[in-house]
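> sequence and predicted structure, then a few things I'm wondering about:
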Amino acid sequence: MADGLALASQAILVQGLTKRFGPRAAVDDISLSVPSGSVFGFLGPNGAGKTTTIRMLVGLIFADSGELRLLGEPMPKAGRKVLRRVGSMIEGPGFVPYLSGEDNLRRLLSATGASSRDQKLFARQALDRVGLGPAADRKAKQYSMGMKQRLSLAWALALPRELYILAEPTNGLDPSGMREVREVVASLAQEGSTVFVSSHLLGEVEQICTHVSFMTQGKIVLSESLSELRSHHQRHLEIVTDDGVLAKTLLLELSQDLSVDVGADNVLRVRGLDAGPKDAVINRHLVEGGVEVSSFVSVATSLEDLFVEYVGEGFDVR
């Protein structure tokens with residue numbers, strides 16, 4: 001599958017992974033490399049195949065074909081060995097409704113062989129980390145949807161792990177909760193762990209990830225570091241003028257390397273800037289040509305822009 005050096009540098013390595021449900025390929029011959037130490041965003045609309053992929057990664061279901069490794073170990077063959085080094089939040093564990101948040105975590109931790117003292121310590125630390133410390137003694141049945149989501153995250157983080165696999169960790173959370181989860185993910189990476197986060201919320205992922213992969217209709221259409229991805233896509237200018245048609249004519253006279261689209265309300269979107277004139281030259285040329293410029297903004301390409309470019313519209317890209 002790969003040589004030893006490649007295996008050592010990849011927390012997750014997938015080649016030719018396929019899973020069918022009847023005639024439909026939920027995951028269709030995908031390959032994926034997740035560098036050790038990265039925060040990897042696994043992005044796609046609901047139904048793209050993300051959860052099916054993750055379930056295969058951790059051995060909840062078996063692939064029809066293909067190979068995969070976690071932390072250099074083959075899955076599912078080495079599952080019993082390697083999953084001890086992996087914290088996951090995929091399908092929330094079966095919390096007992098009449099037990100408190102802390103007691104639920106202690107119950108799960110007991111299955112890992114942790115001592116009674118460590119169970120209490122790890123449970124309290126995890127609950128504090130996800131903001132559930134004040135509610136540690138409340139029964140799980142009294143938790144809101146967002147609190148239950150935090151409890152699932154607390155279980156994933158309860159023990160130190162080399163790799164964390166988190167499926168939609170911000171579901172059900174309010175904006176402050178989403179921010180707290182981002183901070184938790186960042187802290188895990190700072191501690192040296194690899195974090196694999198699946199989501200359909202592009203704005204959330206863009207703030208924390210070092211690498212991204214786009215998945216749609218069972219296929220991965222792009223996988224790259226976020227810095228490399230952005231370097232391949234130029235920023236553009238958004239210019240508001242009093243005469244969009246004249247402004248476009250002037251800009252194309254200035255440089256044929258520019259691509260200029262005129263939208264509603266005389267808003268120009270100007271691309272091709274890397275090979276074209278400087279922003280100040282563009283602005284001056286418009287003004288000297290008799291165009292009144294009321295707004296001149298340089299816009300970086302967002303992750304949402306890139307997703308739509310590669311995948312197309314199809315879900316709420318927030």
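Yes, it's here. Residues are numbered from 1 along each chain as shown.

> checking the most centrally placed residue in the chain next. Helix, strand or coil?
By Cα atoms, centre = their mean, the chain has its centre lying nearest to G41, at 2.6 Å. Put simply, G41 is strand when judged by DSSP: H, G, I helix; E, B strand; the rest coil.

> correct me, but it touches F214?
No. Contact status for G41 versus F214: not in contact, 9.3 Å apart, counting by Cβ atoms under 8 Å. No exception for glycine: its C-beta is placed from N, CA and C like everyone else's.

> ends of stretch 224-241, what's the gap?
End-to-end distance of stretch 224-241: 37 Å, with Cα to Cα, to the nearest Å as the criterion.

> give me the low-pLDDT residue ranges for the stretch 1-150 of the chain?
Segments of the stretch 1-150 of the chain classed as low confidence (criterion: pLDDT under 70) are 1-8, 92-93.

> what about the helices in it?
Using DSSP state H, counting those that start in this stretch, the helices of the stretch 1-150 of the chain run over residues 4-9, 50-57, 79-82, 101-110, 116-129, 145-157.

> can I get the ones you listed in TSV with distance to V308 and mean neighbour count?
Listed next are the helices of the stretch 1-150 of the chain as TSV, based on distance: least, Cβ to Cβ, whole Å; neighbours: other Cβ atoms under 10 Å:
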stretch	distance to V308	mean neighbour count
helix 4-9	31	11
helix 50-57	18	22
helix 79-82	36	14
helix 101-110	39	21
helix 116-129	35	18
helix 145-157	28	22
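
> so which of these gets nearest D137?
With distances scored as Cβ to Cβ, the stretch of these nearest to D137 is helix 101-110 (6.5 Å).

> what's next to that closest one, contact-wise?
Here helix 101-110 makes contact (Cβ atoms under 8 Å, 6 or more residues apart in numbering) with 93, 95-96, 99, 118-120, 122-124, 126-127, 132, 135-138, 140, 143, 147, 151, 154-155, 158-159.

> that older thread, nearest to S36, out of the helices of the stretch 1-150 of the chain?
S36 sits nearest to helix 4-9 of all the helices of the stretch 1-150 of the chain, at 5.8 Å, using Cβ to Cβ.

> what does the domain assignment say about the protein?
As recorded under automatic domain parsing, the domains making up the chain are 4-225, 236-300.

> just those: most buried one?
Stretch with highest mean neighbour count among those: domain 4-225 (a mean of 18; mean count of other Cβ atoms under 10 Å).

> how about the strands in the stretch 201-318 of the chain?
Taking DSSP state E, counting those that start in this stretch, the strands of the stretch 201-318 of the chain run over residues 211-216, 219-225, 236-241, 259-262, 267-271, 293-299.
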